[in-house]
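> With the sequence up front, the predicted model follows.
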There are 2 protein chains.
Amino acid sequence: MQSVRVSDLGKHEGEEVEVRGWLYNKRSSGSIHFLLVRDGSGLVQSVVVKGEVDDAIFQAADKLTQESSVIVRGVVRKDRRAPGGYELGVKDMHVVQVADEYPIALKEHGVDFLLDHRHLWIRTPRQNAILRIRSEVVKACRDFLDDRGFVLLDAPILTPAACEGTTTLFETDYFDTKAYLTQSGQLYMEAGAMAFGKVYCFGPTFRAEKSKTRRHLTEFWMVEPEMAYTELDESMNIQEELVSYVVGRVLERKSPELAVIGRDTGPLARVKPPFPRISYDEAVEILRRHGVDFEWGNDFGGQDETILSNEFDRPVFIHRYPVQCKAFYMKPDPKRPELALCADLLAPEGYGEIIGGGQRIDDPVLLESRIKDNRLPADAYTWYLDLRKYGSVPHSGFGLGIERTVAWICGLDHVRETIPFPRLINRIYP
Amino acid sequence: MQSVRVSDLGKHEGEEVEVRGWLYNKRSSGSIHFLLVRDGSGLVQSVVVKGEVDDAIFQAADKLTQESSVIVRGVVRKDRRAPGGYELGVKDMHVVQVADEYPIALKEHGVDFLLDHRHLWIRTPRQNAILRIRSEVVKACRDFLDDRGFVLLDAPILTPAACEGTTTLFETDYFDTKAYLTQSGQLYMEAGAMAFGKVYCFGPTFRAEKSKTRRHLTEFWMVEPEMAYTELDESMNIQEELVSYVVGRVLERKSPELAVIGRDTGPLARVKPPFPRISYDEAVEILRRHGVDFEWGNDFGGQDETILSNEFDRPVFIHRYPVQCKAFYMKPDPKRPELALCADLLAPEGYGEIIGGGQRIDDPVLLESRIKDNRLPADAYTWYLDLRKYGSVPHSGFGLGIERTVAWICGLDHVRETIPFPRLINRIYP
């Protein structure tokens, strides 16, 4: 008999098939058991009627506990009341294992308990849907870039030096020296852009930051495109196309998952280019109009970003921050050298920053002085300076944070549910 | 004027276009300069004829050094002698930067020198081609799995415990505890398989191993699928389909790159399922026939793998190794419990192991005793044991090493050229 995934049952109406899964929930009414079976692709109601199956099977169905592994065989029937639209009229059943009493019963638990049981929590429909959306976001980013001639260039994780300051680094012994976990693949992507024209990396990045906020993980994934012969405005064009494409793909391919988590898709449908672009100066004005006592020259905090992103019905770029609140490699604006040619993209609905990016310094003399001013280890940046000596060109890039993007698209309060096994300052288990 | 990538010049024959790139090489014959310009997507011969351009431009072309950044404008002409099949009749040129004397001249260098200049070495056609093939291998793996209902589930990099022994771990302080860089996402994928049915992770993995061989990096990428309700044979079926698909994609889409590196594609064209499957016992027989004094119970070394893989004209599975030479989670063969239900896949042409995989222990009692026998920290594996208590099912998975796969497909002597910035025991720069 054919083994079929629940998501494919619609293609087998009227046929007898086998579904291999786990018991998610059960209702019984004397002579009928309604077994709600999940197989990781969906849920199917499997109806076991006394007299229509062996007595032993009917009794076994009665004893099934939550998350017991079970193979059910029966006929696929259309039933619009059933979850997924199809049910299974069970003819035979094989119990693989009757599960111990399941720690995550179908009731409310505290988030610490759920995170301690993350290996089981991911089985629930809501977490399952979020992580499927994450999977689609990743694929959509990759497809977008691959289709536009970007070459995937994996950046190293173990690095000899810090990209954005040395205070938030995880350090490890590396044979007879030290290594640090990467905070960004950007510098390597700049080398890649000079070699391939357009590249991206897509991997985990790390910050040993003691921030305990709803937007911070110590381990998170970023996609970081970098483009030679590209200035800030063109980079922003690509960013708004990328973000719109990603949101469109999720709407197109993951609408059942969005429904499971109860996401209002109205705001997502509005995510189309062009996105508004405001300057840092304009953003400061907005904050002050909202009564925030904001000092020019500072970076925006989480609450500032929430206020700013709530002003617009789609993602908004904030460009040209003061040089002092951005990284050493940002190119100054020739018209106002106290500003950097950079832009962050804030997601709407109060979500805040999902992209940081900018145009990089292409002048070797200026870059060298910035490395000195920032007291970075010059030796570790020799290769980075080389990129400005041998055919330097204007170039730009950006980094999109996957977890923040998924949190926004899913409408979640906290990034911790957007990654399979979140790492927080107080959590490295499971 | 339209800016066009070299790879797209064929679509613009007869048109005037702009190419933005770098000078790769130059020939001059008095009144003509042949500038070989690379833009990361290919090379185009750009012909500057005295009298057809401003004198200033002709002189600037004369002074261009290797890797100078330059924008050339001109008419696309078919020329079958030219690299890529098209050349540019230059009308105008803008020199962005005249490069300093380039460290990697067009001559032979030692590999240490080249690795020290990896950020520039990747600009050369051969390295560029290898990394483009890597990019295609990654994409092909992902497409294969995504198209077959596997869900991407990123495994954590920072972990509380070792997957395959504790001697080869990179360790880092993690706030008030310790963390280790992952050696494999497999255990997490087992949790994922119980939640999604079929999952994979695809990320960097780490071994602090002092192996200085042509097959070892300290940081390398693996794709690790894991499937619930799947036994060893079925897993091998999927592996041979995956590997054949990946090789097919590279042959189909990257034949210019294979030509650049001079790869004989004959052996690759033979990579079609089914792959031969031999037992460990049979493999030992083959080694002994070749005069190797091999003791039953040992794992195969690099040279053994070379001998074995040379016996076959396509990848070969070796299955059912002795339990003692495989990881603690491998399920024993019910027919011969001294053997594990596992299989490695060796690439042909002497390349050796590219996949390791197997069926996992699904019995909680046996798994618990294995964890004890191997003196693994029980606390760290509580969650892993949970997977056997709550709906345990037969399940299998495997890990395919990207760098070894790329080395084989490209026909390279050493894996160090298969990753953008290789990490070796004596190398963490650039």
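Thanks, I have the structure now. From a predicted model like this one, the values you see are computed outputs, not experimental measurements. Residues are numbered from 1 along each chain as shown, chains lettered A, B, ... in the order given.

> for chain A, which spans come out with low pLDDT?
Filtered on pLDDT under 70, chain A yields the residue ranges A:161-166.

> Tell me where it has helices.
For chain A, the helices defined by DSSP state H cover A:55-63, A:111-116, A:118-121, A:125-147, A:186-196, A:232-253, A:255-260, A:266-269, A:280-289, A:302-309, A:364-373, A:382-389, A:402-410.

> What is the burial count for whichever residue of the stretch 201-350 of chain A sits closest to chain B?
As assessed by Cβ to the nearest Cβ, chain B sits closest to A:Tyr229 within the stretch 201-350 of chain A, at 4.3 Å. (Glycine included, C-beta is placed from N, CA and C.) Other residues within reach of A:Tyr229, judged by other Cβ atoms under 10 Å in any protein chain shown, total 21.

> what's near enough to touch it?
A:197, A:393-395, B:3, B:20, B:71 (Cβ atoms under 8 Å, 6 or more residues apart in numbering or on different chains).

> residue with max distance from the center of chain A?
Distance from the C-alpha centroid of chain A peaks at A:Gly51, with 48.9 Å (Cα atoms, centre = their mean).

> Skipping adjacent residues, who's closest to it in space?
A:Ser31 (7.4 Å; Cβ to Cβ, 6 or more residues apart in numbering or on different chains).

> isn't that neighbour right up against A:Lys50?
Yes - under the criterion of Cβ atoms under 8 Å, A:Ser31 makes contact with A:Lys50 at 4.1 Å.

> which of these two has more neighbours?
Set side by side, A:Ser31 and A:Lys50 show more neighbours around A:Lys50, with 15 against 11, by other Cβ under 10 Å.

> Give me the distance between the two termini of stretch A:317-327.
When the termini of stretch A:317-327 are compared using Cα to Cα, to the nearest Å, they are 18 Å apart.

> got the contact list for it?
Contacting residues not belonging to stretch A:317-327 are listed as A:163-164, A:232, A:236, A:239-240, A:275-281, A:283, A:296-300, A:308, A:330, A:332-333, A:336-346, A:358 [Cβ under 8 Å, 6+ apart].

> Drop anything exposed from those residues.
A:163-164, A:232, A:236, A:239-240, A:275, A:277-280, A:283, A:300, A:308, A:330, A:332-333, A:339-346, A:358 (16 or more other Cβ atoms under 10 Å in any protein chain shown).

> Out of these, list just those in strands.
A:277-279, A:332-333, A:339-340, A:342-346, A:358 (DSSP state E).

> Run a quick neighbour tally on the residue of the stretch 101-250 of chain A found nearest chain B.
The nearest approach of the stretch 101-250 of chain A to chain B comes at A:Gly197, 3.0 Å away (Cβ to the nearest Cβ). By other Cβ under 10 Å, the residues close to A:Gly197 number 28.

> My read is that it contacts A:Gly149, right?
Yes - A:Gly197 lies in contact with A:Gly149 (Cβ under 8 Å); the separation is 7.5 Å.

> Check the contact lists of those two and give me the overlap.
Contacts common to A:Gly197 and A:Gly149, judged by Cβ under 8 Å, 6+ apart, are B:5, B:41.

> Skipping its backbone neighbours, what lies nearest the residue of the stretch 1-150 of chain A found nearest chain B in space?
Residue nearest to chain B within the stretch 1-150 of chain A: A:Gly40 (3.0 Å; Cβ to the nearest Cβ). In space, and not counting its chain neighbours, A:Gly40 is closest to B:Gly197: 3.0 Å by Cβ to Cβ, 6+ apart.

> Angles on the backbone of that neighbour, please.
Main-chain dihedrals, B:Gly197, degrees, to the nearest 10: phi 90, psi -60.

> contacting residues around it?
A:5, A:21, A:39-41, B:149, B:227-229.

> Kindly report the same for A:Gly266.
A:Gly266 touches nothing, counting by Cβ under 8 Å, 6+ apart.

> how close does it sit to A:Leu258?
Distance of A:Gly266 to A:Leu258, given as Cβ to Cβ, to the nearest Å: 11 Å.

> okay but A:Phe144 is in contact with A:Gly248, surely?
No - with contacts counted by Cβ under 8 Å, A:Phe144 stays clear of A:Gly248, the gap being 10.1 Å.

> Now do the buried residues in stretch A:361-377.
By 16+ other Cβ under 10 Å, the buried positions in stretch A:361-377 come out as A:361-362, A:364, A:367-368, A:370-371, A:376.

> Among these, give me the pair with the biggest separation.
Greatest spatial distance in the buried residues of stretch A:361-377: A:Asp362 and A:Leu376, 18.0 Å, computed using Cβ to Cβ.

> Grab the nearest non-local neighbour of A:Phe144.
In space, A:Phe144 is closest to A:Tyr245, 4.9 Å off (Cβ to Cβ, 6+ apart).

> tally of neighbours for the one you found?
The burial count for A:Tyr245: 18, using other Cβ under 10 Å.

> Please apply the same query to A:Lys389.
Neighbours around A:Lys389, by other Cβ under 10 Å: 16.

> can you list the residues of the stretch 151-300 of chain A near chain B?
A:151-160, A:170-175, A:177, A:179, A:181, A:188, A:191-198, A:203-204, A:206, A:208, A:210, A:218-219, A:221, A:228-229 (Cβ under 8 Å from any Cβ of the partner chain).

> Mind giving me the PyMOL select for those residues, buried ones only?
To isolate the buried members of those in PyMOL, using 16+ other Cβ under 10 Å:
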select buried, chain A and resi 151+152+153+154+155+156+157+158+159+160+170+172+174+179+181+188+191+192+193+194+195+196+197+198+203+204+206+208+218+219+221+228+229
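
> All good on my end, thank you.
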